[in-house]
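Asks: Just need the structure, nothing else, for what follows:
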Amino acid sequence: MAVTTTSSPNSNAVASLYQAAYMLGVRKNSVYSQAPISFVPPQGVLGLGNRGSAVVIPMFLDLDIGSSLSQTADVTPVQLFTFQATITPELYGLAVQLSQKLSLTSFTDAEGAAVEEIARSAARTREKLAREAVVNGVTVLFGGDATSRATVSTAATSDVITFDKFNEAVAFLDGHAPKIPGAGNGYAAIISGMTEAQLMSTGAILLAAEYNTNQALLTGEIGTHLTGTRLLRSDMAKQFRGAAASAAGTMASGTLAVACDAGATSITPNAMASGAYGDYWVIGDSSGFESTGSNYVNTCEVVRFISGTTGASGAHVIVGAGVNGGTMYAHSSAAKIHSVGDVQGTVLVGADSLGMVYSNEDGLGPEGKIILPEVTGILHQFNNVGWSGFWGFGISAESRVARIEHAANYRSLGH
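Replies: Next up, the predicted model:
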């Protein structure tokens, strides 16, 4: 009888399992960066013989309509014009270091857990790069009667996303953006959970389970909007934290009085008008919130005030999106705090809207690569796990991306 011994699952088999877990973790989290929304242009795979700090994507302009031909004279040629989109990739990565004692005493598989977290980090990094490229698109529509991000009101329902606003965005893309194969109008909208809840409450979604078709679903696809736009729900969908025109509570704008660590379950604002239990508060760094002209404030997050003092100072107990139910980030005493609302950044795209560049050298590839657990240190007392990737994203043409900035009747915690 064959017996599987301790020497049978060799290190290569374990490495393969870690590699598979990493690749699966990266791929299943791709929404902005998934095909056919994202594509690799000619010369977009860098390697030996095709290196460079930037990749230029040539795009050929449409020719005029042809005319009738003469029987006696030759046709007059016309020029073929091109324009260029440039994508600049960069090297990214992250690593964790586990102590030998942790590995010797942990009841759980610390190395396996590290691989899962490393894969999640790589996926979120690649998605953030793709999202940044899309959100920097110049075509912006606004919910309701808002004319800018700063005028989107969350005090009422007038600036939420509507059927007409979907139609306006689709009309902008129609005829210019290549269409995604399959059902619907050929376009997809990347939405947050707050926007999903908004659309569900109005009955504007045909759920994917109701399609009655064998068509392949895109990653994150929850259904189709009544305009025919396929809806992709993602935790990475852009929400501009604290960017709305109106407050969603009664706390006045101010700063923290005391710095807090990541995972804090209470915060202490400076002396100012405090809010009421159930209010959502935005905490940003010293630069403020994600208002117009500041799309990315790295440590900006939303928490909810649940108990404690309701006065102008003192400890305010909160719930946040940190792993322990506290804050996600550490905040200094200069961090800004307010109860102003968020603006949703719903992006509509077609096929080939986003160009992706990556390197195949050093084993990197489109998903990047995992640095498998490696023992280091003079006494081999550390175990390192990490990932690295060489990526770049850019909009292939501004006519292929439209963004709707709008309000929602719901709030979420976190960044």
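Asks: For the stretch 1-150 of the chain, which segments count as helices?
Replies: For the stretch 1-150 of the chain, helices defined by DSSP state H, counting those that start in this stretch occupy the ranges 11-27, 100-105, 110-135.
Asks: most packed of these?
Replies: Neighbour counts (mean count of other CB atoms under 10 Å) averaged over each of the helices of the stretch 1-150 of the chain peak at helix 110-135, with a mean of 20. No exception for glycine: its C-beta is placed from N, CA and C like everyone else's.
Asks: That one: how far from the chain's middle?
Replies: How far helix 110-135 lies from its chain's middle: 10 Å, per CA atoms, centre = their mean, to the nearest Å.
Asks: Need the phi and psi values for the residue nearest to E398 when sequence neighbours are not counted.
Replies: In space, and not counting its chain neighbours, E398 is closest to V138: 5.3 Å by CB to CB, 6 or more residues apart in numbering. Reported as degrees, to the nearest 10, the phi and psi values for V138 are phi -90, psi -20.
Asks: V138 contacts R400, correct?
Replies: No - taking contacts as CB atoms under 8 Å, V138 lies outside contact range of R400: 11.6 Å.
Asks: Between those two, which is the more surrounded one?
Replies: R400 (24 against 10; other CB atoms under 10 Å).
Asks: How about the contacts made by the more buried one?
Replies: Neighbour list for R400: 173, 176-178, 349-350, 352-353 [criterion: CB atoms under 8 Å, 6 or more residues apart in numbering].
Asks: burial of A73, as a residue count?
Replies: Residue crowding around A73 was assessed by other CB under 10 Å; the count is 7.
Asks: where are the low-confidence patches of the stretch 1-150 of the chain?
Replies: Applying pLDDT under 70 to the stretch 1-150 of the chain flags residues 1-14, 59-63, 79-83.
Asks: and if we set it to 80?
Replies: By pLDDT under 80, the low-scoring segments of the stretch 1-150 of the chain are 1-29, 42-66, 78-85, 102-112.
Asks: quick check, nearest of the contacts of R400 to S234?
Replies: Nearest to S234, judged by CB to CB, of those is V349 at 12.4 Å.
Asks: Tell me which residues touch the closest one, please.
Replies: V349 touches 37, 134, 173, 177, 187-190, 400-401, counting by CB under 8 Å, 6+ apart.
Asks: pLDDT score for it?
Replies: pLDDT for V349: 95.
Asks: quick one: I337 and C260 touch, right?
Replies: No - I337 is beyond contact range of C260, at 10.9 Å (criterion: CB under 8 Å).
Asks: where are the low-confidence patches of the stretch 151-300 of the chain?
Replies: Low-confidence segments of the stretch 151-300 of the chain (pLDDT under 80): 154-158, 212-215, 246-253, 271-276, 285-288, 291-295.
Asks: ranges for the helices of it?
Replies: Counting by DSSP H, counting those that start in this stretch, the stretch 151-300 of the chain has helices at residues 163-173, 193-201.
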